[in-house]
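> below is the sequence, then the predicted model.
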Amino acid sequence: MKNQKRTIISVEVSARHIHLSQKDLEKLFGQKYKLNKLRDLSQKGEFASKETVSLASRVKGFIDKVRVLGPVRKETQVELAQTDVIKLGIEAPLAVSGDLQKVKPVLEVRGPKGKIMAKAIVAKRHVHCSPAEAKKIGLKNGQKVKIEIMGERGLVFDNVVVRVAPKMVMSCHIDTDEANAAGLGKICGVGKLISS
Ligand SMILES: [Zn+2]
């Protein structure tokens, strides 16, 4: 355990959600549609919208009321917990958000005005930070760190990917399966970032 640095970090729980391209947003909600903000998320400019969609698998299962996150992105992407993947009987790789080249569209997404086929992933747990924060702690983009969660069901998450970009705010994002396993609250908690 020599030479390890520990930094207290906020840990946020991402429930299943979808990011949409403008083109797919219009297919689902109508021409020239714009998302309506429900609340801001911790990362600047990112928000939960009032809009939700449903997900239908061709294999089995159906999930209703999946939150659309804004703003619109270059490519549509569904982010699920592994429990959802099992429920839907689909294949969704563990991937860094936005890394979709090898992912096949396997889910039917239904909105009030239409439907699309979309790619789904289980997002790799990650830490966001700005270049200034990264420098202060000595982190590099793409580096993997550990996040220790304290408490009765406390555990250490390994292979947490560091994502450095301007405007990012330091926080760790895990999914609902990971949060439940660690006994964390529904929305957020605190962890220790361990880097060497
Ligand atoms: Zn994130």
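Cool, the structure landed.
> what residues go with each domain of the chain?
The chain breaks down by automatic domain parsing into domains covering 5-12+125-195, 16-123.
> next up, identify which helix or strand Lys136 is on.
helix 131-137 (DSSP states H and E).
> now do the helices in this structure.
22-29, 82-88, 131-137, 176-181 (DSSP state H).
> any weak-confidence spans in the chain?
The chain contains residues with pLDDT under 70 at 1-2.
> make it 50
Along the chain, the model assigns pLDDT under 50 to no residue.
> may I see the buried residues of stretch 9-28?
Buried residues in stretch 9-28, counted by 16 or more other C-beta atoms under 10 Å: 9, 11-22, 24-28. C-beta: built from backbone N, CA, C; applies to glycine.
> would you mind measuring the gap between the ends of that stretch?
From its first residue to its last, stretch 9-28 covers 37 Å (C-alpha to C-alpha, to the nearest Å).
> check stretch 70-82 too.
End-to-end for stretch 70-82, by C-alpha to C-alpha: 23 Å.
> and for stretch 28-42?
Start-to-end, stretch 28-42 (C-alpha to C-alpha) is 26 Å.
> ok, now stretch 34-54?
18 Å.
> same thing with stretch 172-183?
One end of stretch 172-183 to the other measures 16 Å (C-alpha to C-alpha).
> what segments of this structure are strands?
For the chain, the strands defined by DSSP state E cover 5-14, 17-19, 37-40, 47-57, 62-70, 77-79, 94-95, 105-110, 115-123, 126-129, 144-149, 155-164, 171-175, 188-195.
> mind putting the helices of the chain into a markdown table with distance to Ala165?
Formatted as a markdown table, the helices of the chain follow (distance: least, C-beta to C-beta, whole Å):
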| stretch | distance to Ala165 |
| --- | --- |
| helix 22-29 | 22 |
| helix 82-88 | 26 |
| helix 131-137 | 8 |
| helix 176-181 | 22 |
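> good, we can wrap up now.
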